[in-house]
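S.K.: pasted the sequence and its predicted model underneath.
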Amino acid sequence: MVPLYMAFLIGGLLCLLGQLIMDLTKASITPGHILVGYISGGAILSGLGLYEPLVKIGGAGATIPLSGFGHLLTQGSLKAVEQKGLLGAFSGGVEATAAGITAAVVFGYLAAVLFNPKG
Amino acid sequence: MKTPDPQRWKKIETEEYESLVQQVKPKPPLLKHCVWAFIVGGLICLLAQLIMNYLLYQGIDKVEASSYTAVVMIFLGAFLTGIGIYDELGKRAGAGSIVPITGFANAIVASAMEFKREGYIFGVGARIFTVAGPTLLFGFVVAVLIGLIKVFLSS
């Protein structure tokens, strides 16, 4: 098991990097851009084999940031290609992330319907 | 005791004063933002690791424990956004509340909540993908491309 302080440290550093990107680049960078950048960046690093070591040392500190979601997509795709070939490139990513995507859509919809915005 | 050279004293005083000013003057907001992002983002990941370690301790396998953890964190992110706490946190935490998967859930709920008057199907139902759509799209595209590269390299 990954010690809690390593999850804190790696997760904190990934968030700090996001804050630096937001504060030091032009103001048109929105939270949406950060999310898109992190999922793509994580997926690319994972393809180069650079994200897995981070998961080994940081545990949830590397998988919970959205870059970890990108990592999961790429690894799903790569593993499925090994088993099924070409079809795997299309099925593997969503298969590996199915629980997260479905939870996000379902819980997100429920919360948006049940609660009203403040103010 | 010998009286010190007044010129030298003056120099030391100036230096002390400068260093005192450096300590007291307000820090640029960048540092404050970074500290908040680091701590809040770190704590969210620590909570996730706590859930994950508990599940592993229960004997659930690593891949499933990781998925369960993501589902729980997404639920928390959506729920805390619904009751209005997550956006309050976001005002201070910045990227610390955006980068973790709870921030992804937050983006889904926050972008959809205000569109009930446009209906529950094409209002809320469509708006939950305002941010989630592009995010998933780019994730899928990169993952498929990397998968295809592997197919061509191994053929």
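M.R.: Arrived safely, thanks for sending.

S.K.: contacts and neighbour counts: CA atoms only from here.
M.R.: Noted.

S.K.: which stretches of the chain have low pLDDT?
M.R.: No chain specified, so I'll use chain A. Low-confidence segments of chain A (pLDDT under 70): A:119.

S.K.: correction: the question concerned chain B.
M.R.: Using pLDDT under 70, chain B drops low at B:1-4, B:25-28.

S.K.: can you give me the helices for it?
M.R.: Taking DSSP state H as the criterion, chain B carries its helices at B:6-24, B:29-57, B:62-82, B:85-93, B:95-98, B:101-113, B:125-127, B:129-154.

S.K.: tabulate the CA atom coordinates of the third one in PDB.
M.R.: When you say that, I think you mean helix B:62-82. Extracted in PDB, the C-alpha atoms of helix B:62-82 (Å, rounded to 0.1, in the frame of the first residue of the first chain):
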ATOM      1  CA  LYS B  62      -6.100  -3.400  -6.800                       C
ATOM      2  CA  VAL B  63      -7.800  -2.400 -10.100                       C
ATOM      3  CA  GLU B  64     -11.300  -2.700  -8.600                       C
ATOM      4  CA  ALA B  65     -10.200  -0.800  -5.500                       C
ATOM      5  CA  SER B  66      -8.900   2.000  -7.700                       C
ATOM      6  CA  SER B  67     -12.200   2.100  -9.700                       C
ATOM      7  CA  TYR B  68     -14.300   2.100  -6.500                       C
ATOM      8  CA  THR B  69     -12.200   4.900  -5.100                       C
ATOM      9  CA  ALA B  70     -12.800   7.000  -8.200                       C
ATOM     10  CA  VAL B  71     -16.500   6.400  -8.000                       C
ATOM     11  CA  VAL B  72     -16.600   7.500  -4.300                       C
ATOM     12  CA  MET B  73     -14.600  10.600  -5.000                       C
ATOM     13  CA  ILE B  74     -16.800  11.500  -8.000                       C
ATOM     14  CA  PHE B  75     -19.900  11.100  -5.800                       C
ATOM     15  CA  LEU B  76     -18.300  13.300  -3.100                       C
ATOM     16  CA  GLY B  77     -17.400  15.900  -5.700                       C
ATOM     17  CA  ALA B  78     -20.900  16.000  -7.200                       C
ATOM     18  CA  PHE B  79     -22.600  16.000  -3.800                       C
ATOM     19  CA  LEU B  80     -20.400  18.800  -2.400                       C
ATOM     20  CA  THR B  81     -21.000  20.800  -5.500                       C
ATOM     21  CA  GLY B  82     -24.800  20.300  -5.200                       C
END
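
S.K.: how about stretch B:66-82, which residues are buried there?
M.R.: B:66-82 (16 or more other CA atoms under 10 Å in any protein chain shown).

S.K.: who's in contact with that stretch?
M.R.: Contact with stretch B:66-82 is made by A:60, A:64, A:97, A:99-100, A:103-104, A:107-108, A:111-112, A:114-117, B:48, B:51-52, B:86-87, B:101-106, B:108-110, as judged by CA atoms under 8 Å, 6 or more residues apart in numbering or on different chains.

S.K.: okay then, goodbye and thanks.
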